[in-house]
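K.L.:
quick one: sequence and predicted model below, then my questions.
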There are 2 protein chains.
Amino acid sequence: MDETMVAQVRRFNRVVTQQVGALNDRFLARDRPLGESRLLWEIGEGRDVRSLRAALGLDSGYVSRLLRSLEAAGLVTTQRGAADRRVTLARLTGDGRAERDLLDERSDALAAELLETLPHRQRERLVAAMADVERLLTAATVRFAVTDPDDPVAQHCLRAYAAELDVRFDGGFSLDRGIRADAADLRPPNGLLLVATLHATPVGCGGLLFHDAGPAHLKRMWVDESARGLGLGRRLLEELERQAAEHGAPAVRLETNAALTEAIALYRSAGYTEVPAFNAELYAHHWFEKVLPPWE
Amino acid sequence: MDETMVAQVRRFNRVVTQQVGALNDRFLARDRPLGESRLLWEIGEGRDVRSLRAALGLDSGYVSRLLRSLEAAGLVTTQRGAADRRVTLARLTGDGRAERDLLDERSDALAAELLETLPHRQRERLVAAMADVERLLTAATVRFAVTDPDDPVAQHCLRAYAAELDVRFDGGFSLDRGIRADAADLRPPNGLLLVATLHATPVGCGGLLFHDAGPAHLKRMWVDESARGLGLGRRLLEELERQAAEHGAPAVRLETNAALTEAIALYRSAGYTEVPAFNAELYAHHWFEKVLPPWE
DNA sequence: TCCATTCTCTGACTCTAGTCAGACGACTTG
DNA sequence: CAAGTCGTCTGACTAGAGTCAGAGAATGGA
């Protein structure tokens, strides 16, 4: 790793934690402990306590106590879930909502204050650079994992994939038509499904079907709308190629629909070349193939 | 303030504090409290406790206790000052130095890890954007204040100003030659000295001499080498013009040396036009003037 | 139906990170 | 040389942020 890059990251961390971190946390907490403020924020329009705990990574006893304190302050009400009466639902009261909005305003004011000290041109540069950092830092925390197709996270991806194609394809799309790729096909040893997650929420996926010593068949490539432009598609593709090579596949093949222009551009720029139709996929207009370097 | 800019800053804060903040602080602290680690870091190659306290903004009792704990762990030794036996000097032991280097390494490793998750192109973009954010955030925390010329901070600026000109001018420079601008001249009502500080360290200055209803005379413009490229010169100049206008000056005048090319470029781009020599300043090659809009 | 699991809550702790007041010796200055 | 100031230390507190070990209800599955 380049030393000057590392040094830059460290300088960045230092400056940013001093400026942003210190202000953000302590300022926003007002007269309330930070934990309570964070909780207030995360509750949003009502949420079950279980997911709050997961989102903030806190001990159940601790959250319970924080909630009680917010309840005592009249900012939050809790009630037991209708379906499952073990779970507690937390909801903001009117006061709670007002308090959250106030935090919001203070947050805005803080950001505005920071910007106001700078002259216009530099203000714009700062905001642009922040946008870059934010997007790339987000991209850097995306994790890839081979996931069972029946896993809820994988299910979410596959549903989102189908939903998107249904919107974009002329005449819609259904997983039941065309060439099938069911759970069993996307599970070793027949194939695999790679899922990209940001924190714990799925933001993309891609599947491979293995055919003995023949080319691997790429399927179900999807990137969530919120995560586009982060180079995720390319990273998914590269990781899938790595997996295919590791399984001894000499090449990767795929078919795609003319409506998916950005995907087609990605395949081309990643070294895929258009080949004659190698199957009779109903939804496909283009067929691509890329020969893989042999795996050692 | 533009709403989308504010929103971007807030998103940035959120993402960055999650990613960087959380890691940085808690990870680096190892098994030692964060306060001790920070202190260990700040001691560096030995430092008096008084300045440590100031640098970290901590209570004297608290620092005392932290030091004692570090001492008990064999990482630090303290001794009384030779000149003034009230002050304590803290110095790292061999173990202390090793520990600090370890923190250093972990810091590097953390930064490298972050970068490694990204493909090359994005890695470079991230580092470039971080550099921008860091510089601009630094610039945003610079504060300007009219300061008495005898204040140590102001003294530092004036000495640094003279030292730099002495290096850059053909034939050197001395405050005693040429047209004088002594402390009394740079103090209301005769004039003023504006000092720019980053946290508490001086990074730039600029002086004004008032001449009744005549043009104000700009003197002693200096920006520390470490703070160049942040648009500080321009902000100093603008603030000085504001001050001059507020004092009823119809214009600002200045003379400058041909060696100060970037300053000359700044004056030109800020609307100053070259005028015939209006004084006999020994060191000057160019004379500039800018008419100010009337102050309401 | 019963047993294991899930979800939440309570009580009893711990550790960090401070704050505040006062004591005390070391300097400084009139 | 006396009085005040400075730098440090100690003791006595406080609040925040969490951890850990159950207890007890609700639910799900065999």
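P.N.:
Right, received. Where do you want to start? Since we're looking at a predicted model, the values are computed, not measured.

K.L.:
can you give the domain ranges for chain A?
P.N.:
Using automatic domain parsing, the domain parsing of chain A gives A:3-117, A:142-291.

K.L.:
quick one: which of those is nearest B:Ala213?
P.N.:
domain A:3-117 (32.4 Å; C-beta to C-beta). Heads up, the C-betas are built off the backbone N, CA and C, glycines and all.

K.L.:
residue with max distance from the center of chain A?
P.N.:
Within chain A, the residue lying farthest from the chain centre (C-alpha atoms, centre = their mean) is A:Ala72, at 35.9 Å.

K.L.:
on the three-state scheme, A:Tyr222 is what?
P.N.:
No, residue A:222 isn't Tyr; it's Trp. strand (DSSP: H, G, I helix; E, B strand; the rest coil).

K.L.:
that one against A:Gly207, yeah?
P.N.:
No - contact between A:Trp222 and A:Gly207 fails when scored by C-beta atoms under 8 Å: they sit 9.5 Å apart.

K.L.:
in terms of helices and strands, where is A:Gln155?
P.N.:
helix A:152-168 (DSSP states H and E).

K.L.:
what residues of that helix count as buried?
P.N.:
Within helix A:152-168, the residues scored as buried using 16 or more other C-beta atoms under 10 Å in any protein chain shown are A:153-154, A:157-158, A:160-162, A:164-165.

K.L.:
kindly report the same for stretch A:91-107.
P.N.:
A:92, A:96-97, A:99-100, A:103, A:107.

K.L.:
tell me which of the residues you listed is nearest to chain B?
P.N.:
A:Ser107 (5.7 Å; C-beta to the nearest C-beta).

K.L.:
for the host helix or strand of that closest one, packing partners?
P.N.:
If you go by DSSP H and E, A:Ser107 is part of helix A:94-116. Under the contact definition 3 or more C-beta pairs under 8 Å, 6 or more residues apart in numbering or on different chains; DSSP states H and E, helix A:94-116 sits against helix A:28, helix A:34-43, helix A:120-140, helix B:3-16, helix B:120-140.

K.L.:
quick check, that helix touching DNA strand D?
P.N.:
No - figure legend: helix A:94-116 not in contact with DNA strand D (C-beta under 7 Å from any atom of the strand); closest approach 14.2 Å.

K.L.:
tell me the angle that helix makes with helix A:120-140.
P.N.:
120 degrees (axes from the mean of the first three to the mean of the last three C-alpha atoms, to 10 degrees).

K.L.:
and the closest residue to chain B within the stretch 151-296 of chain A, what pLDDT?
P.N.:
For the stretch 151-296 of chain A, the residue closest to chain B is A:Gly231, as judged by C-beta to the nearest C-beta, at 5.4 Å. Per-residue confidence (pLDDT) for A:Gly231: 86.

K.L.:
any idea how far the residue nearest to it when sequence neighbours are not counted is from B:Gln8?
P.N.:
If the residues on either side of it in the chain are set aside, A:Gly231 comes closest to B:Gln122, at 5.4 Å by C-beta to C-beta, 6 or more residues apart in numbering or on different chains. Here B:Gln122 is placed at a distance of 19 Å from B:Gln8 (C-beta to C-beta, to the nearest Å).

K.L.:
count residues in the vicinity of the residue of the stretch 51-200 of chain A found nearest DNA strand C, would you?
P.N.:
Residue nearest to DNA strand C within the stretch 51-200 of chain A: A:Gly61 (2.7 Å; C-beta to the nearest atom of the strand). Neighbour count for A:Gly61, taken as other C-beta atoms under 10 Å in any protein chain shown: 8.

K.L.:
taking their axis directions, the helix or strand encompassing it and helix A:34-43 sit at what angle?
P.N.:
Assigned by DSSP H and E, A:Gly61 falls within helix A:60-72. For helix A:60-72 against helix A:34-43, the angle by the same axes, to 10 degrees is 80 degrees.

K.L.:
helix A:60-72 - contacts with which helices or strands?
P.N.:
So helix A:60-72, by 3+ C-beta pairs under 8 Å, 6+ apart, packs with helix A:34-43, helix A:49-56, strand A:76-80.

K.L.:
list the contacts for A:Thr117?
P.N.:
By C-beta atoms under 8 Å, 6 or more residues apart in numbering or on different chains, the residues touching A:Thr117 are B:140-142.

K.L.:
give me the buried subset of those.
P.N.:
B:140, B:142.

K.L.:
filter the contacts of A:Thr117 by proximity to chain A?
P.N.:
Residues of the contacts of A:Thr117 in contact with chain A (C-beta under 8 Å from any C-beta of the partner chain): B:140-142.

K.L.:
looking at those, which is nearest DNA strand D?
P.N.:
Distances from DNA strand D to the ones next to chain A among the contacts of A:Thr117, taken by C-beta to the nearest atom of the strand, are shortest for B:Thr141, at 24.0 Å.

K.L.:
that closest one touches B:Thr197, doesn't it?
P.N.:
No - the criterion here is C-beta under 8 Å, and B:Thr141 misses it with B:Thr197 at 9.4 Å.

K.L.:
wondering if stretch A:85-95 reaches DNA strand C at all.
P.N.:
Yes - using C-beta under 7 Å from any atom of the strand, we find that stretch A:85-95 touches DNA strand C at A:86-88.

K.L.:
let's see if you can find the most crowded of these.
P.N.:
A:Thr88 leads the residues of stretch A:85-95 next to DNA strand C on contacts (other C-beta under 10 Å) with 17 neighbours.

K.L.:
what's the spacing between that residue and B:Pro33?
P.N.:
To B:Pro33, A:Thr88 is 34 Å away according to C-beta to C-beta.

K.L.:
how about A:Lys219?
P.N.:
To B:Pro33, A:Lys219 is 52 Å away according to C-beta to C-beta.

K.L.:
ok, A:His211 next?
P.N.:
58 Å.

K.L.:
then A:Ile43?
P.N.:
As judged by C-beta to C-beta, A:Ile43 and B:Pro33 stand 31 Å apart.

K.L.:
may I have the phi/psi pair for A:Ser226?
P.N.:
phi -70, psi -20 (degrees, to the nearest 10).

K.L.:
for A:Leu254, same thing?
P.N.:
Torsion angles, degrees, to the nearest 10, at A:Leu254: phi -160, psi 160.

K.L.:
need the pLDDT of it.
P.N.:
pLDDT for A:Leu254: 93.

K.L.:
and what of A:Gly57?
P.N.:
For A:Gly57, the predicted pLDDT is 87.

K.L.:
and for the one 4 residues further on?
P.N.:
For A:Gly61, the model assigns a pLDDT of 93.

K.L.:
neighbours around the nearest residue to A:Val76 once chain neighbours are set aside, how many?
P.N.:
In this structure, A:Val76 finds its nearest non-sequential neighbour in A:Leu70, 4.1 Å apart by C-beta to C-beta, 6+ apart. A:Leu70 has 25 neighbouring residues, counting by other C-beta under 10 Å.
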